[in-house]
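Participant: Pasting the sequence and the predicted model now:
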Amino acid sequence: MTAARSSAAWEWNPSTWRDLVVTHQPDWPDSCELTRARLRLASEPPLTSPEDVREVRQALAEAAAGRAYVLQGGDCAEPFGVAARRGALAKDKILGVLAERISHAMDVPVLTIGRLAGQFAKPRSEPTEVIDGEVMPTFRGLAVNSPLPVASQRVPDARRMVTAYHSARAVMDDLARRRTGDHHGRTSRDGLSWRHNGMWVSHEALLLDYEEALVRVDPNTGGWYLASTHFPWIGERTRAADGAHVEFLSGIANPVGCKIGPDAVLDEVVALCAKLDPERRPGRLTLICRLGAHRVRTLLPPLVRAVRDAGHPVVWMCDPMHGNTRTTGTGVKTRHLDDITGEAEAFHETLHELGEWPGGLHLELAGEDVTECLGGSGVPDETVLPRRYTSLCDPRLNNEQALLTVEGVLRSGLPLRS
Ligand SMILES: O=C[C@H](O)[C@H](O)COP(=O)(O)O
Ligand SMILES: C=C(OP(=O)(O)O)C(=O)O
Ligand SMILES: [Mn+2]
């Protein structure tokens, strides 16, 4: 941290993160291409409006107050182009079905948020991998490199960030067209459901060169907002309270999320909350817990108490995917539906016991009949996994598995709104 950062006169701007330690950024080999990409992105139209960002924040405040539930889902790593557009519509459809089911059972409005229109960058455990005897950089999301198992294609290419933006924009345009054709009205609360027509969107704010270039000024308030998405989140690997990612998200007006994994230290989480939600505003901060099926009952209570004692009115959301990833004997990354439903159920029960509202569920789901996670009628055992395993990164739920996860949550004695 520089001396300037600790002084009271320090003021945030979209590039103050550059003074801090930044992890999980690609080693862009061509700095001229990087500069060109940043300038190009900075000149493009925003993908979201300050009004929409405010509306999502208000909706999340309802979830923080126990009056709404959030359903967030989509790919681990999003494809480009036509596949992204088809995928977004498939996700909108399944999230809508799940939201109706939850809303009906819980008697609360459900806010749906896609993991899309920007979910193009991945933090990885290892910088390299060996494929057919050749060492190559790991795939880090389509905004960085190609998933093809060819070493030259794995070199980071900053021009991909511009392609990512255009892919996201095509998805946003599709969703906007869908919205116009829908007669329910925005975030309508008629009937049991509360669905933003065409979904709100979110992604992990990992690639800070991309995100910085898409910060815009809200002409009504003069403040900054992130125009690459409605609801950015920080991943488990980049949530250091004094790190660059937290600094970056601390200055934008959007509601923000942060993943919390099993290694989180309570003091760190409290420091993180202080930095991201200094005004303790409902809707500003969502903690997306991914603790693992076998540890959630032990780890969640002290976490909830620490955040509550610090006075942050967060949305408590459950990600039952990332704490439950396994690799099969043949090297296939998968997740067991029993672990996923187990963590989701335990999360909801534990929050209920603590007198807190379980505010939502964060899923990696395909919206298609994939065979990536184990369980349900379609994927009874590991031999089925290779049949339709199309994920670019982590294994996603198919529609049946997603529905079974939701039914598990609803069976877990989820408290009805008081
Ligand atoms: O979800 C995304 C992460 O990038 C992923 O879980 C890390 O996976 P890895 O251990 O295969 O790198
Ligand atoms: C990388 C991800 O999760 P986490 O940061 O929780 O590991 C993800 O959501 O794809
Ligand atoms: Mn993932």
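Facilitator: All right, it came through fine. Ligands and ions are numbered 1, 2, ... in the order given.

Participant: ok, and the closest non-adjacent residue to the residue nearest to the spatial centre of the chain?
Facilitator: Residue closest to the mean C-alpha point of the chain, counted by Cα atoms, centre = their mean, is His203 at 4.6 Å. Residue nearest to His203 in three dimensions, not counting chain neighbours: Gly118, with 3.7 Å by Cβ to Cβ, 6 or more residues apart in numbering. To be clear about C-beta, it is placed using only N, CA and C from the backbone, and glycine gets the same treatment.

Participant: ok so, going back, show me what the residue nearest to the centre of the chain is bridged to.
Facilitator: Here His203 sits in beta bridges with Pro232, going by DSSP bridges.

Participant: State the distance from it to Arg308.
Facilitator: Using Cβ to Cβ, to the nearest Å, one obtains 28 Å as the distance from His203 to Arg308.

Participant: and what of Val97?
Facilitator: 33 Å.

Participant: and the spatially closest residue to Arg54 that is not a sequence neighbour, how many neighbours?
Facilitator: Computed as Cβ to Cβ, 6+ apart, the closest residue to Arg54 that is not its neighbour in sequence is Ala253, at 7.5 Å. Ala253: 16 surrounding residues under other Cβ atoms under 10 Å.

Participant: Show me which residues of the stretch 251-400 of the chain are close to ligand 2?
Facilitator: Counting by Cβ under 6 Å from any ligand atom, the positions of the stretch 251-400 of the chain adjacent to ligand 2 are Lys259, Arg290, His322, Asp394.

Participant: roughly how far is the helix or strand hosting Pro301 from the heart of the chain?
Facilitator: Here Pro301 sits within helix 296-309, counting by DSSP states H and E. When C-alpha coordinates are averaged (Cα atoms, centre = their mean, to the nearest Å), helix 296-309 and its chain have centres 21 Å apart.

Participant: try stretch 167-178
Facilitator: Centroid displacement of stretch 167-178 relative to its chain, using Cα atoms, centre = their mean, is 18 Å.

Participant: do stretch 335-345 as well
Facilitator: If you compare the mean C-alpha spot of stretch 335-345 with that of the full chain, they lie 19 Å apart, counting by Cα atoms, centre = their mean.

Participant: what's the helix ranked longest in the chain packed up against?
Facilitator: Longest helix in the chain by number of residues, with DSSP state H as the criterion: helix 81-106. Where contact means 3 or more Cβ pairs under 8 Å, 6 or more residues apart in numbering; DSSP states H and E, helix 81-106 is packed against strand 69-74, strand 110-115, helix 159-180, helix 399-411.

Participant: quick one, helices of the protein?
Facilitator: Assigned helices in the chain, in chain order: 3-6, 31-43, 50-64, 81-106, 159-180, 208-213, 244-250, 266-276, 296-309, 337-353, 399-411 (criterion: DSSP H).

Participant: helices or strands up against the helix holding Pro301?
Facilitator: The contact analysis (3+ Cβ pairs under 8 Å, 6+ apart) places helix 296-309 against helix 266-276, strand 285-289, helix 337-353.

Participant: Pull out the buried positions in that helix.
Facilitator: By neighbour count, and taking 16 or more other Cβ atoms under 10 Å as the criterion, the buried residues in helix 296-309 are Val296, Leu299, Leu300, Leu303, Val304, Ala306, Val307.

Participant: Can you tell me, leaving aside adjacent residues, what's nearest to the first one?
Facilitator: To tie it back to what came earlier, the one meant is Val296. Across the structure, with Cβ to Cβ, 6+ apart as the measure, the residue nearest Val296 apart from its sequence neighbours is Ala346 (4.7 Å).

Participant: Ligand 3 versus that neighbour, what's the distance?
Facilitator: With distances defined as Cβ to the ion, to the nearest Å, the gap from Ala346 to ligand 3 amounts to 20 Å.

Participant: Next up, the contacts around that residue.
Facilitator: Neighbouring residues of Ala346 by Cβ atoms under 8 Å, 6 or more residues apart in numbering: Ala293, Val296, Arg297, Leu300, Ser412.

Participant: Which pLDDT does the model give it?
Facilitator: In the predicted model, Ala346 carries a pLDDT score of 97.

Participant: which parts of the stretch 51-200 of the chain sit against ligand 2?
Facilitator: Listed as neighbours of ligand 2 in the stretch 51-200 of the chain under the rule Cβ under 6 Å from any ligand atom: Cys76, Pro123.

Participant: For the stretch 51-200 of the chain, which residue gets nearest to ligand 3?
Facilitator: When distances are taken as Cβ to the ion, the stretch 51-200 of the chain reaches nearest to ligand 3 at Cys76, 3.4 Å away.

Participant: which ones are touching that residue?
Facilitator: Here Cys76 is in contact with Arg115, Gln119, Lys122, Glu364, Ser391, Leu392, Cys393, Asp394, Pro395, Arg396 (Cβ under 8 Å, 6+ apart).

Participant: before we move on, the earlier item: how about TSV for the helices and strands packed on helix 81-106, with mean neighbour count and mean pLDDT added?
Facilitator: Conversion of those to TSV gives the following (neighbours: other Cβ atoms under 10 Å; pLDDT from 0 to 100):
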stretch	mean neighbour count	mean pLDDT
strand 69-74	27	97
strand 110-115	28	96
helix 159-180	19	93
helix 399-411	20	96
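
Participant: For ligand 1, which of those is the nearest?
Facilitator: Smallest distance to ligand 1 across the helices and strands packed on helix 81-106 (Cβ to the nearest ligand atom): 10.3 Å, for strand 110-115.

Participant: what lines up beside that closest one in the sheet?
Facilitator: Taking DSSP bridges as the criterion, strand 110-115 forms sheet pairs with strand 69-74 (parallel), strand 200-204 (parallel).

Participant: okay, the angle between the first one and helix 81-106?
Facilitator: By that I understand strand 69-74. Using axes from the mean of the first three to the mean of the last three Cα atoms, to 10 degrees, one finds that strand 69-74 and helix 81-106 are set 160 degrees apart in direction.

Participant: same deal with the shortest one?
Facilitator: Here the directions of strand 200-204 and helix 81-106 differ by 110 degrees (the same axes, to 10 degrees).

Participant: chain center to strand 200-204, what's the gap?
Facilitator: A distance of 6 Å separates the C-alpha centroid of strand 200-204 from that of its chain, computed with Cα atoms, centre = their mean.
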